[in-house]
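Engineer: please work out how this folds:
(one chain, ligands or ions: 1)
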Amino acid sequence: MLIEFDGVTKRYPDGTLAVEDLSLTVEDGTITVFVGPSGCGKTTSLRMINRMVEPTSGRVLLDGKDIRESDPPVLRRGIGYVIQNAGLFPHRTVLDNVATVPVLSGWGKRKARDRAAELLEIVGLPAELGKRYPAQLSGGQRQRVGVARALAADAPVLLMDEPFSAVDPIVREGLQDELLRLHSQLGKTIVFVTHDIDEAVRLGDKVAVMRVGGRLAQYGTPAEVLRHPVDDFVASFVGRDRGYRGLSFVDSSGVEIREVATVSLGDSVSGSEEWLLAVNDSGQPRGWLSPGSTVDGALAESDLVAGGSLYRRGTSVRGALDAALSSPAGLGVVVDEDGKAVGAVTARQVLDVIEGATADARR
Ligand SMILES: Nc1ncnc2c1ncn2[C@@H]1O[C@H](COP(=O)(O)OP(=O)(O)OP(=O)(O)O)[C@@H](O)[C@H]1O
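Structural biologist: Residues are numbered from 1 along each chain as shown. Alright, predicted model coming up:
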């Protein structure tokens, strides 16, 4: 569903100008991220989409229709909403939390619960958690329940307000991956609010950078915003590690994948001169054997030096460079879709491709 802000301004009764003359289009089926410092009007903008906040002037349109023509409760049933800490009902079980909107929409209790159970599976939660209460879950699990509940109405639009801010960085990354996977499966239009530029760049097809005073500073793809910030405010907001983050958008197809000497777990090894990549029965990398090592009998994981990050073939050069730099052998391990080792890359090769790409971009 297409969402349009057309000259939208919001001034709260106390005179605070939260959003000023916002015009932008959220394309159907995309993830659009509103990002900016605290108090810049992100939440206010988001809530104007489901009429939890009414604009002072201007219009919000869903598929071309002014949302003022829709009854707010009906409108909200068609728009999923996820907030920080998930906003679950503490005295209802997880399953009943997820079934809330289907029940409100007139589904029978049984059907609503069946649907809720399906949704728990979709967001990666084991079925038995359905019987627990929200307080009996971890923060990450609660956020997943929040996402499941928002998906329950099968609404075409999903609004997400800092949904992952309260969980630690590792759990957050897992939740982000999960959201990207769900999005590619379900194809909903998602508007996501965060103050974290890394999260914005990772999730957004488009990123709207807002500044305090509720003005849109820049609206574009993550690559555009990182590479060509329109002014000093955007440049400093996206600033830290900007060059490094930009690598996420550099095509890695030019990176030559070289052969790597491998050895299988269980084999015996006598003093190789080079680093050997140890793989398991499925060809997946397990670690490195350092030069000169001799293993009489069966090579075991305990003989190995831990490997670095893995670079999945075809993804951006950022992963390729990280794999090379984090590898004890100086060789970044390249894996295919099944996690099988298919070769290696060196930092030098990756840097050559990066240099070529950035030179092209300057031309
Ligand atoms: N109900 C309200 N009455 C008066 N002012 C409000 C109200 N809600 C928000 N504001 C003000 O409007 C401005 C924008 O707030 P908003 O919550 O939209 O920002 P935000 O970018 O989401 O901030 P944060 O990242 O801190 O959540 C802020 O100055 C805030 O204090």
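Engineer: what about stretch 311-320, distance to the chain center?
Structural biologist: In terms of CA atoms, centre = their mean, to the nearest Å, the centre of stretch 311-320 is found 17 Å from the chain centre.
Engineer: what does it contact?
Structural biologist: Here stretch 311-320 makes contact (CB atoms under 8 Å, 6 or more residues apart in numbering) with 244-245, 247-253, 255, 257, 309, 322-324, 332-337, 342, 345, 350, 353-354, 357. Every C-beta, even on glycine, is put in place using the N, C-alpha and C of the backbone.
Engineer: same thing but 10 Å
Structural biologist: Identification of contacts with stretch 311-320 by CB atoms under 10 Å, 6 or more residues apart in numbering yields 244-255, 257, 309-310, 321-324, 326-327, 332-337, 339, 342-347, 349-351, 353-354, 357.
Engineer: among the residues you listed, which lie within helices?
Structural biologist: Judged by DSSP state H, the subset of the contacts of stretch 311-320 located in helices is 244-246, 321-324, 326, 347, 349-351, 353-354, 357.
Engineer: which of those are buried?
Structural biologist: Arg245, Gly246, Leu321, Asp322, Ala323, Ala324, Ala347, Gln349, Val350, Val353, Ile354, Ala357 (16 or more other CB atoms under 10 Å).
Engineer: quick check, the second one in contact with Thr358.
Structural biologist: Yes - Gly246 lies in contact with Thr358 (CB atoms under 10 Å); the separation is 8.6 Å.
Engineer: overlap in contacts of those two?
Structural biologist: Counting by CB under 10 Å, 6+ apart, the residues touching both Gly246 and Thr358 are Arg227.
Engineer: excluding chain neighbours, what is closest to Asp198?
Structural biologist: Arg245 (7.2 Å; CB to CB, 6 or more residues apart in numbering).
Engineer: show me what contacts the one you found?
Structural biologist: Ile197, Asp198, Val201, Arg202, Pro222, Ala223, Leu226, Arg227, Val238, Gly239, Arg318.
Engineer: helix or strand right after the helix or strand harbouring Val207?
Structural biologist: Using DSSP states H and E, Val207 falls within strand 206-211. Per DSSP H and E, the first helix or strand lying C-terminal to strand 206-211 is strand 215-220.
Engineer: which other helices and strands contact that next one?
Structural biologist: Using 3 or more CB pairs under 10 Å, 6 or more residues apart in numbering; DSSP states H and E, the elements in contact with strand 215-220 are strand 17-26, strand 31-35, strand 206-211, helix 222-227, helix 232-237.
Engineer: with respect to Ile190, which of the ones you listed lies nearest?
Structural biologist: Closest to Ile190 of the helices and strands packed on strand 215-220, according to CB to CB: strand 31-35, at 4.5 Å.
Engineer: can you name the next helix or strand after the closest one?
Structural biologist: Note on strand 31-35: by DSSP H and E, the next helix or strand toward the C-terminus is helix 42-47.
Engineer: average model confidence for that next one?
Structural biologist: Averaging pLDDT along helix 42-47 gives 95.
Engineer: what is the orientation angle of the helix or strand following it with strand 17-26?
Structural biologist: Later in the chain than helix 42-47, the nearest helix or strand by DSSP H and E is strand 57-62. Strand 57-62 and strand 17-26 are oriented at 30 degrees to each other (axes from the mean of the first three to the mean of the last three CA atoms, to 10 degrees).
Engineer: what helices or strands is strand 57-62 leaning on?
Structural biologist: Counting by 3+ CB pairs under 10 Å, 6+ apart, strand 57-62 packs on strand 3-11, strand 17-26.
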